[in-house]
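[1] Need coordinates for the below:
(one chain, ligands or ions: 2)
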Amino acid sequence: DERTFVMAKPDAVQRGLTGEIITRLEERGLKLVGAKFMQIDQELAEAHYGEHEDKPFFDELVEFITSGPVMAMVWEGGDATRQVRQMMGATDPADAAPGTIRGDYGLDLGQNIIHGSDHEDEGANEREIELFFDEDELVDYSRSDEPWVYEDEDH
Ligand code: GTP
Ligand code: MG
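    Ligands and ions are numbered 1, 2, ... in the order given. So this is what the prediction gives:
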């Protein structure tokens, strides 16, 4: 099954939205296979957002993501990376559709609640999972409702 990296950003943790984010992904049928409540340090932040190092907002981005604890997670499911991105909504919460996580909880581009691996960036999900988790921190199990979520066994 496909795995994707998701993070409740510092603003989500501070605003008490961690549970809501987990609930939405959980209720969709995606399976939580790893979670770590943690403080990101400078080095990890710069590695995670390396693709943006030449952007004018890079320093702000690193400052924000290190400004408080985050909930780092790995979620598994059919087409998980793209499905999570759809549930997140547009990068700028001001443009995110109501019903999406950013569209329901955010107003500001720099504080947009949630991170999810980019499905258009091949392998970004695996790279980000490796950056945040050791393989033995991910749990292999079945959810009892899987037959009711997926019609086919090998989704
Ligand atoms: P992430 O899941 O956080 O990676 O967001 P994304 O994939 O939807 O957007 P992208 O990777 O392009 O940008 C990373 C983060 O940088 C975004 O989540 C924004 O918070 C921030 N960001 C993007 N563009 C701008 C900008 O023009 N100004 C500022 N201040 N922040 C930006
Ligand atoms: Mg991104």
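[2] from here on, contacts and neighbour counts on C-alpha atoms
    Noted.
[3] so how far does stretch 8-26 reach from one end to the other?
    Counting by CA to CA, to the nearest Å, you get 14 Å between the two ends of stretch 8-26.
[4] Could you confirm whether any residue of that stretch contacts ligand 1?
    No. Stretch 8-26 lies out of reach of ligand 1 by CA under 6 Å from any ligand atom, never closer than 8.4 Å.
[5] tell me the mean pLDDT for that stretch?
    Computed over stretch 8-26, the mean pLDDT rounds to 98.
[6] swap in stretch 113-123?
    97.
[7] Buried residues, it. List them.
    Within stretch 113-123, the residues that count as buried by 16 or more other CA atoms under 10 Å are 113-119.
[8] Which members of the residues you listed are the farthest-apart pair?
    Farthest-apart pair in those is I113 and H119; separation 18.2 Å (CA to CA).
[9] for the chain, what spans make up the helices?
    Along the chain, counting by DSSP state H, helices occupy 10-14, 18-28, 42-48, 58-65, 80-88, 101-105, 124-132, 146-149.
[10] and the protein, which of its residues are near ligand 1?
    For the chain, the residues in contact with ligand 1 (CA under 6 Å from any ligand atom) are 57, 61, 91, 109-112, 115-116, 118.
[11] Can I have the buried ones of these as a ChimeraX selection?
    In ChimeraX, this line selects whichever of the residues of the chain next to ligand 1 come out buried by 16+ other CA under 10 Å:
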select :61,91,110,111,112,115,116,118
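[12] That's all I had, so thanks and see you.
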